[in-house]
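Colleague: Quick one, structure for this:
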Amino acid sequence: MPLPILNASDAEAGPSLPAGNHVARLVAAVGLGLHKSTFEDSDGAEPRVNQRLLLAWEVPAEGAIIGHVYTLSLHRRSALRPVVEALLGRPLADKESLDLGTLLGLPCLVDVKRVISATGREFPKLAAVTSLPKGMTAPPATRALLNWFPGDRLEDLEAASWLPRAFGQAAVEMVKASLDYDKVYPRAASSPTDLATGEAY
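Modeller: Model (predicted):
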């Protein structure tokens, strides 16, 4: 069986979302860097390494943020492609290039399910993203739109404390754990640290 190209984890911030469809706006697109796949191939091949992307939506009516982590790919079989097409309200053309930043602020419907984790905790799961029906309006987002990718200032990502956690980590922690972090931020990775204060100098 081929190794799935999707690496996803649901996360939310703020009030917990109830199950159902919610009017939302995409408020953040955050590149998380290179990570190994968490899936194992049945033929024993090495886990794939791919770029991950955190997308976060605000549901203004609930004052909540929900996010999902995707493999950064617009392949026809990718999990990200239908999300992008739902936001655009049209199919992507063959070999069409796209600046993800142009999707920020666009409205849609997010379908939320309530599921139970292995530890017994109930949490919302993003089941689907669909286009906003004609005639339906979306409230404006209250969060500043965030378009951040590795190479941008880490301080800007650290300041976005409202972003949902994914895989139990803050977005900036996932970036620092990425396989290409040392290459993208060589000075930050090599800065000596004062063990007494935990601060780099």
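Colleague: Now do the buried residues in the longest helix anywhere in the chain.
Modeller: Looking across the chain with DSSP state H, the single longest helix is helix 80-88. The neighbour-count check on helix 80-88 (16 or more other CB atoms under 10 Å) flags 80-81, 83-88 as buried. Where C-beta positions appear, they are placed from N, C-alpha and C, glycine not excepted.
Colleague: Show me which strand runs longest in the protein.
Modeller: strand 20-36 (DSSP state E).
Colleague: Per-residue confidence at the residue lying closest to Gln169 once chain neighbours are set aside, what does it come out as?
Modeller: In space, and not counting its chain neighbours, Gln169 is closest to Ala177: 7.2 Å by CB to CB, 6 or more residues apart in numbering. Note on Ala177: pLDDT of 95.
Colleague: With the one 5 residues further on instead?
Modeller: Per-residue confidence (pLDDT) for Asp182: 95.
Colleague: same for the longest helix of the chain, what does it pack against?
Modeller: strand 64-71, strand 122-130 (3 or more CB pairs under 8 Å, 6 or more residues apart in numbering; DSSP states H and E).
Colleague: Which of those strands has the highest mean neighbour count?
Modeller: Here the criterion is mean neighbour count by mean count of other CB atoms under 10 Å, and of those the winner is strand 64-71, at a mean of 23.
Colleague: what's the angle between that one and strand 20-36?
Modeller: 40 degrees (axes from the mean of the first three to the mean of the last three CA atoms, to 10 degrees).
Colleague: related to what we said a few turns ago, give me the sheet partners of the longest strand of the chain and which way each runs.
Modeller: Strand pairing for strand 20-36, determined by DSSP bridges: strand 49-59 (antiparallel), strand 107-116 (antiparallel), strand 146-148 (parallel).
Colleague: Just tell me which of these ends up closest to Leu132.
Modeller: strand 107-116 (4.7 Å; CB to CB).
Colleague: And the residue nearest the centre of the chain, what's its pLDDT?
Modeller: Closest residue to the average C-alpha location of the chain: Leu54 at 1.4 Å, with CA atoms, centre = their mean. pLDDT, Leu54: 97.
Colleague: how much space between it and Ala127?
Modeller: The spacing between Leu54 and Ala127, counted by CB to CB, to the nearest Å, is 17 Å.
Colleague: ok and the longest strand of the chain relative to strand 122-130, angle-wise?
Modeller: Going by the same axes, to 10 degrees, strand 20-36 makes 90 degrees with strand 122-130.
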